[in-house]
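Visitor: can't give you the sequence, but here's the structure:
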């Protein structure tokens, strides 16, 4: 790692290889353990798997690892900025460089950003900006600041600075768990309670007995993921309901998820929840246990069983599982739809910002690049140019 000058009693080290990223794993995990809740996308395992499977190395876009580790005076890791530098076509013969966080898939990595000590957030972001505007100022035309919790110290600090533009907001849905399933069920809306009653009773009425299975070991998870991909794809083909695209249609996306889940299985984090009826798996949902929280990732089900609301049953059984494990919350993931809002969850809002270089020579690169994207997409050239101008704005 390259050591830089100290900033406000913090030392920033840059890491540029997967080996250097992996060397941080123990300290990184200790940093996460200081936070009350954290997501699978914040773990070193997720980032190592992404870098093994999904970076671009093509003539029109090249990704380079641009990670930053932030250490306290006492030698404690207090922050990690798992970032990447992407070199892309610019205006005319000039190339542009954007700094972003690892995981611009999109869709696979649902939240990205700095992993910081909960008591040092503002200090860490000030140190990172000092680094970018001094030691690394020639290496970027714009920076994406991701995963800023609205109302948090980092979001308030960055939003007030010149050259910062708002990019997007993300809503995350979290259900705090009481001590029993009955307590949780009885505290929900009448509509949800009726939906739960129907999904269980419809199976019973027609003589179907289900079992709920949880894959946790490496071999179990590997087999369950293959079934999950098939069910997720089958769900995406339904035409008479809410549209769900097949997020894992690309072989590289499936390889990444398998790699990430296997790495996290080594820490007893991965869960694949499956609903079995008559010897057949009819619904599946991937989950991750992080600290005292269960994060529910993507799902899939067999359309033949759609009238029985098997996905609702699977989520309910996952909730029961989390309560039985003594967990404190179930995170229903990002994105607004009725399958989440009907659980009357708490809503946590995150914001993405973009910071454009103050350099006169670089200041207009971002708006020029955005206009080039707009023209290309408007003229149907997006597919021809691949992901160079579409995946990473």
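Guide: Received it, and whenever you're ready, just let me know what you need. Not measured: the values here are computed from a predicted model.
Visitor: list the contacts for residue 355?
Guide: 142-143, 145, 158, 161, 163-165 (CB atoms under 8 Å, 6 or more residues apart in numbering). (C-beta placed from N, C-alpha, C; glycine too.)
Visitor: quick one: secondary structure of it?
Guide: strand (DSSP: H, G, I helix; E, B strand; the rest coil).
Visitor: Tell me what it is bridged to.
Guide: Counting by DSSP bridges, residue 355 forms beta bridges with residue 143, residue 164.
Visitor: Look up how far residue 192 lies from it.
Guide: 42 Å (CB to CB, to the nearest Å).
Visitor: Next: residue 101.
Guide: Residue 101 sits at a distance of 35 Å from residue 192 (criterion: CB to CB).
Visitor: Comparing those two, which residue is more hemmed in?
Guide: When residue 101 and residue 192 are compared for neighbours, residue 101 comes out ahead with 24 against 17, by other CB atoms under 10 Å.
Visitor: pLDDT weak spots in the stretch 201-350 of the chain?
Guide: Scanning the stretch 201-350 of the chain for pLDDT under 70 picks out 239-243.
Visitor: how about the strands of it, start to end?
Guide: 210-215, 270-277, 280-290, 293-301, 329-334, 346-356 (DSSP state E, counting those that start in this stretch).
Visitor: Any chance of JSON lines for those, columns distance to residue 119?
Guide: Below are the strands of the stretch 201-350 of the chain laid out as JSON lines (distance: least, CB to CB, whole Å):
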{"stretch": "strand 210-215", "distance to residue 119": "35"}
{"stretch": "strand 270-277", "distance to residue 119": "30"}
{"stretch": "strand 280-290", "distance to residue 119": "20"}
{"stretch": "strand 293-301", "distance to residue 119": "20"}
{"stretch": "strand 329-334", "distance to residue 119": "21"}
{"stretch": "strand 346-356", "distance to residue 119": "19"}
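Visitor: which one of those strands lies closest to residue 232?
Guide: strand 293-301 (3.3 Å; CB to CB).
Visitor: Any buried residues in stretch 22-40, and which?
Guide: 22, 24, 27-28, 31-32, 38-40 (16 or more other CB atoms under 10 Å).
Visitor: now it: mean pLDDT?
Guide: For stretch 22-40, the mean pLDDT works out to 94.
Visitor: Next, the distance between the ends of that stretch.
Guide: Taking CA to CA, to the nearest Å, stretch 22-40 runs 16 Å from one end to the other.
Visitor: Any idea how far it is from the middle of the chain?
Guide: Relative to the centre of its chain, stretch 22-40 is centred 15 Å away, using CA atoms, centre = their mean, to the nearest Å.
Visitor: Then stretch 15-33?
Guide: 18 Å.
Visitor: try stretch 144-160
Guide: Counting by CA atoms, centre = their mean, stretch 144-160 comes out at 17 Å from the chain centroid.
Visitor: buried stuff in that stretch?
Guide: 144-149, 153-155, 157-158.
Visitor: What of stretch 324-335?
Guide: By neighbour count on 16+ other CB under 10 Å, the buried set for stretch 324-335 is 327-334.
Visitor: What is the nearest of these to residue 300?
Guide: For the buried residues of stretch 324-335, the minimum distance to residue 300 (CB to CB) is 14.2 Å, reached by residue 333.
Visitor: wait, what's in contact with that closest one?
Guide: Per CB under 8 Å, 6+ apart, neighbours of residue 333: 110, 172-173, 295-297, 340.
Visitor: measure the closest residue to residue 69 other than its chain neighbours to residue 149 for me?
Guide: Distance criterion CB to CB, 6 or more residues apart in numbering; nearest residue to residue 69, sequence neighbours excluded, is residue 13 at 4.7 Å. In this view, residue 13 and residue 149 are 25 Å apart by CB to CB.
Visitor: Can you name the helix or strand that the spatially most central residue of the chain falls in?
Guide: What sits nearest the mean C-alpha location of the chain, by CA atoms, centre = their mean, is residue 110, with 2.6 Å. Counting by DSSP states H and E, no helix or strand carries residue 110.
Visitor: swap in residue 22?
Guide: Assigned by DSSP H and E, residue 22 falls in helix 18-23.
Visitor: next SSE after that helix?
Guide: Downstream of helix 18-23, the next assigned helix or strand under DSSP H and E is helix 25-33.
Visitor: on contacts alone, who are the packing partners of that following helix?
Guide: In this structure, helix 25-33 packs against helix 44-53, strand 77-81, strand 115-116, with contacts taken as 3 or more CB pairs under 8 Å, 6 or more residues apart in numbering; DSSP states H and E.
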